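Q: With the input below, show me the fold.
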Amino acid sequence: MDGFTQFVLGLERFMYSTWFVVLLLGTGILLSLRTRFIQFRKLAASWKRIVQAALHKDSDLKEGDITPFQALSTALAATVGLGNIAGVATAIALGGPGAVFWMWLTAVFGMATIYGEAMLAIKFRSVAPDGSMSGGPMHYISKGMKNSRFGRILAAVFAVTGSMACLLSTGCMMQSNSIALSFNNSFGMPYWVSGLLLALLTGAVTLGGIKRIGVVAEKLVPLMIFIFVGSSLFIIFRHIGEVPGKLALIVRSAFNPVAATGGFAGATVMAAMQLGVSRGALSNEAGLGSSPIAHGAAKEDDPNRQGILAMNGVFIDTIVVCTMTALVILISGEWTSGLTSTDLASAAFEHVIPYGRLIVAICALLFGFTTLLGWSYYGEQCIQYMLGLKVIRIYRSIFIIFIFTGAVIKLELVWSIGTIANACMALPNLVGLVALSGVVGAIAFARKGNGPENVSRAE
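A: Below is the predicted model of the structure:
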């Protein structure tokens, strides 16, 4: 087991070493340049779009399975998960406060990345034999790349690695394992009870397909974000005088090694960068290729509009929710205790407000449950791309079984395995985004009469 542990940790370090940081951030920088930094130019427009979408000011006559707001909610359901609690806590516990800075940087350029992913998902989506919409990297890579044979190979690699990530790590077992751990630590609930309840609740929703997932996500996502951000803001405002110092600590630690203190073992700049980028990618999923699968099902015919709406997902996930988690952990001082994952987050909240551990447990349940819903659909679409509609019901049943399995077995390396799986599915997607960056730029500046429908394959 020690040998396997060292292998996994070594592989994670390799997958998130300089070459992957350059590829992930480089793709975001390239798309930022191609779109002339659309994440800044259209930031106000993206906030306006989220209000319009929330009020359902969208035509029901447009093709698609769910409303644009339900698509964003489904994407947020999958992204605003335990990575925002346990992932941030782990990044700080192992990489120091500076890891948060690299999470921010990943998010800033990730907003341009998710814009490109979502708009390509709309432009190149397909209609399945049952009449439902199917979008995502496997479709825009195979349809959009000039070298169609290479595109089909990349699309197949994404579908295989994506389905594995959905079942074995990020989208399933990682979530149920963390939720079961949180409820066992907080309430002494047996792992098998948590696993059974999660499996039953998830099955009740996912067996109804994307339309039922979209309806549930639309209701739960705003509620869970309100509870977590509201609790975090209560703590932050009570200690408002400490906030400037903690923000300065984050920036300073991003470029200087952090010395050991208390139970904190110290961290290098490279460790902060690696953990910040890996946990940032795990949290907001920009570049992974998962979120555009949800956006591809939206009732929207303008790729540009859906791309602008999608940028809200990364902003809310990392700039808002992850920052709240980080500030609470740093204000509490528990980041030097030697704790990590949900244990650190729970201890931090409990340290500064009564019933803080209960708040984290409730948010962990909501965050993890909605992530299970979103990723079940992602895996379903990957499997459908490879094997067709006939395997969907089988896949859904297997997914539910894996939820229970993840809750009852010990997965000490679950976060490392999850981030490795994320990197594997990100690679073909990032290559596809670089190849299609010209299409993204053209649609971002398409004018009436020269619209998205006239922009086809990558040159």
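
Q: Listing request: residues of the protein with sub-threshold pLDDT.
A: 1, 56-61, 169, 410-415, 418, 447-459 (pLDDT under 70).

Q: same thing but at 50, please
A: 448-455, 459 (pLDDT under 50).

Q: Could you point out the longest helix of it?
A: helix 356-387 (DSSP state H).

Q: which parts of that helix are buried?
A: 356-357, 359-385 (16 or more other Cβ atoms under 10 Å). Where C-beta positions appear, they are placed from N, C-alpha and C, glycine not excepted.

Q: Quick one: residues contacting the residue lying closest to Ala298 once chain neighbours are set aside.
A: Leaving aside its chain neighbours, Ala298 sits nearest to Ala71 (3.8 Å; criterion: Cβ to Cβ, 6 or more residues apart in numbering). For Ala71, the contact set (Cβ atoms under 8 Å, 6 or more residues apart in numbering) comprises 64, 214, 294-295, 297-298, 300, 306.

Q: Show me which pair in those is furthest apart.
A: Using Cβ to Cβ, the pair of those lying farthest apart is Gly214 and Gln306, separated by 14.3 Å.

Q: Looking at the two, which is more packed in?
A: Per other Cβ atoms under 10 Å, whichever of Gly214 and Gln306 has more neighbours is Gln306, with 29 against 26.

Q: returning to that earlier point: could you check the next helix or strand after the longest helix of the chain and say which residues are buried?
A: Later in the chain than helix 356-387, the nearest helix or strand by DSSP states H and E is helix 392-408. For helix 392-408, the neighbour count (16+ other Cβ under 10 Å) marks 392, 395-396, 399-400, 402-408 as buried.

Q: same check, this time on stretch 187-207
A: 189, 191, 194-195, 197-199, 201-203, 205-206.

Q: contacting residues around it?
A: Looking at what lies outside stretch 187-207 - Cβ under 8 Å, 6+ apart - the contacts are 176, 179-181, 183-184, 212-213, 216, 361, 368-369, 372-373, 376-377, 396, 399-401, 403-408.

Q: what's the angle from the helix or strand hosting Gln175 to helix 356-387?
A: Counting by DSSP H and E, the element that carries Gln175 is helix 173-187. The directions of helix 173-187 and helix 356-387 differ by 160 degrees, with axes from the mean of the first three to the mean of the last three Cα atoms, to 10 degrees as the criterion.

Q: For helix 173-187, which residues meet the burial criterion?
A: For helix 173-187, by 16+ other Cβ under 10 Å, it's 173-184, 186.

Q: Tell me which two of those sit farthest apart.
A: Met173 and Ser186 (20.3 Å).

Q: re the thing from before, would you list the buried residues of stretch 187-207 in a markdown table and tack on secondary structure and distance to Phe124?
A: As requested, the buried residues of stretch 187-207 are exported to a markdown table (DSSP: H, G, I helix; E, B strand; the rest coil; distance: Cβ to Cβ, whole Å):
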| residue | secondary structure | distance to Phe124 |
| --- | --- | --- |
| Met189 | coil | 45 |
| Tyr191 | helix | 42 |
| Ser194 | helix | 40 |
| Gly195 | helix | 38 |
| Leu197 | helix | 39 |
| Leu198 | helix | 34 |
| Ala199 | helix | 34 |
| Leu201 | helix | 34 |
| Thr202 | helix | 29 |
| Gly203 | helix | 31 |
| Val205 | helix | 28 |
| Thr206 | helix | 25 |
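
Q: Let's have those residues in a markdown table, adding distance to Arg125.
A: Output for the buried residues of stretch 187-207, formatted as a markdown table (distance: Cβ to Cβ, whole Å):
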| residue | distance to Arg125 |
| --- | --- |
| Met189 | 41 |
| Tyr191 | 39 |
| Ser194 | 36 |
| Gly195 | 35 |
| Leu197 | 35 |
| Leu198 | 31 |
| Ala199 | 30 |
| Leu201 | 29 |
| Thr202 | 25 |
| Gly203 | 27 |
| Val205 | 23 |
| Thr206 | 21 |
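
Q: and the strand or helix carrying Arg13, how far out from the chain's middle?
A: Following DSSP H and E, one finds Arg13 within helix 2-15. Its chain's C-alpha centre and that of helix 2-15 lie 23 Å apart, by Cα atoms, centre = their mean, to the nearest Å.

Q: And the next helix or strand past that helix?
A: helix 18-34.

Q: And that following helix, what does it pack against?
A: Under the contact definition 3 or more Cβ pairs under 8 Å, 6 or more residues apart in numbering; DSSP states H and E, helix 18-34 sits against helix 98-123, helix 269-284, helix 414-435, helix 437-444.

Q: Tell me which of the ones you listed sits nearest to Pro137.
A: helix 414-435 (4.5 Å).

Q: orientation of the closest one relative to helix 18-34 in degrees?
A: Using the same axes, to 10 degrees: helix 414-435 against helix 18-34 is 40 degrees.

Q: Would you mind writing the CA trace of helix 414-435 as CSV?
A: Taking C-alpha atoms only, helix 414-435 is exported to CSV below (Å, rounded to 0.1, in the frame of the first residue of the first chain):
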residue,chain,number,x,y,z
VAL,A,414,-9.3,9.8,-3.1
TRP,A,415,-8.5,13.4,-3.8
SER,A,416,-5.2,12.6,-5.5
ILE,A,417,-6.9,9.9,-7.6
GLY,A,418,-9.6,12.4,-8.5
THR,A,419,-7.2,15.2,-9.6
ILE,A,420,-5.3,12.7,-11.7
ALA,A,421,-8.5,11.6,-13.4
ASN,A,422,-9.4,15.2,-14.0
ALA,A,423,-6.1,15.9,-15.7
CYS,A,424,-6.5,12.9,-18.0
MET,A,425,-9.9,14.1,-19.2
ALA,A,426,-8.7,17.7,-19.5
LEU,A,427,-5.8,16.9,-21.9
PRO,A,428,-7.9,16.0,-25.0
ASN,A,429,-10.2,18.9,-24.2
LEU,A,430,-7.4,21.4,-23.9
VAL,A,431,-5.9,20.3,-27.2
GLY,A,432,-9.3,20.7,-28.8
LEU,A,433,-9.8,24.1,-27.4
VAL,A,434,-6.4,25.3,-28.6
ALA,A,435,-7.2,23.9,-32.1
